[in-house]
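Participant: I need the structure of the sequence given here:
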Amino acid sequence: MLSLSQLSHCYRHQNQESMQLSFDLSVAQGDILAVIGPSGAGKSTLLAMIAGFLKPDSGELRINGEVIDRQNPAERPLSILFQDHNLFPHLSVFDNIALGIHPGLRLSTADQAQVKDAAARVGIAHYLDRLPEQLSGGQKQRVAVARSLVRHRPLLLLDEPFSALDPALRQEMLDLIASLAKEAGITVLMITHSPDDALKIADHCAFVEQGEIRVCGPTQQVLGEPEDERLRKYLGR
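Facilitator: Coordinates of the predicted model:
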């Protein structure tokens, strides 16, 4: 479970006026939450505070009941998928996945089996000896997904990882994430500009605008019959 209580940050950008961002949010274990909203609304700031890349000015952040506000990013019980997939070009697919288990690639026999199992679950079992440059964009993202799987973290953050993929492949990757999350009971927070992505896999949807969550609820309800004026404008209604 992910819980944010008055998690706030004052954002200042060069000579522009500062913007106060404050978030209250609760996501049940195993749920997929899509976070939508216009550029500059605060979506990336929200993700950065959860991941530990940005220190909040105040508030509390819990994952499965554990307060993690003061933990370094590497210590937090979560994994992140970025758009650029963050693969090391000189390492094989096997080693890129294995980094999720041990940064020094010192693996036991059980660890090696876990890497192979994760690769099979995301459909890249036959590519373990290849380098990233020998893979397609979708295959690279599958490697990143497999690396997240072997970390066994209760929370997965998606920072628009599939936005550069072709539509068919994008849908395939969304289906994969939804399936794996349900299988492992992982909570997912997905930053996206696409309401269609939210409708496809998200249990709940939050609309962020001007540094706050204006609307949050079941995805079909939030996006199907929006009552908030700014949300309707964002959706082009």
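
Participant: Quick one: mean pLDDT over stretch 223-233.
Facilitator: Summarised as a single mean, pLDDT over stretch 223-233 is 90.

Participant: going forward, begin numbering at 765 instead of 1
Facilitator: Fine by me, first position is 765 from now on; the one you just mentioned is stretch 987-997.

Participant: Can you give me the buried ones in that stretch?
Facilitator: Taking 16 or more other CB atoms under 10 Å as the neighbour-count basis, stretch 987-997 is seen to contain the buried residues 987, 990, 994-995. Any C-beta I mention is one placed from the backbone N, CA and C, and that applies to glycine too.

Participant: of all those residues, which two lie farthest apart?
Facilitator: Checking the buried residues of stretch 987-997 against each other with CB to CB, the farthest-apart pair comes out as 987 and 994, at 13.7 Å.

Participant: who's the nearest residue to residue 981 once chain neighbours are set aside bridged to?
Facilitator: Excluding its sequence neighbours, the residue lying closest to residue 981 (CB to CB, 6 or more residues apart in numbering) is residue 968, at 6.4 Å. For residue 968, the beta-bridge partners under DSSP bridges are residue 797, residue 982.

Participant: Residue 968 against residue 789, yeah?
Facilitator: No: contact criterion CB atoms under 8 Å: residue 968 and residue 789 do not qualify, at 9.8 Å.

Participant: Which residues are in contact with each of the two?
Facilitator: Counting by CB atoms under 8 Å, 6 or more residues apart in numbering, the common neighbours of residue 968 and residue 789 are 797, 980.
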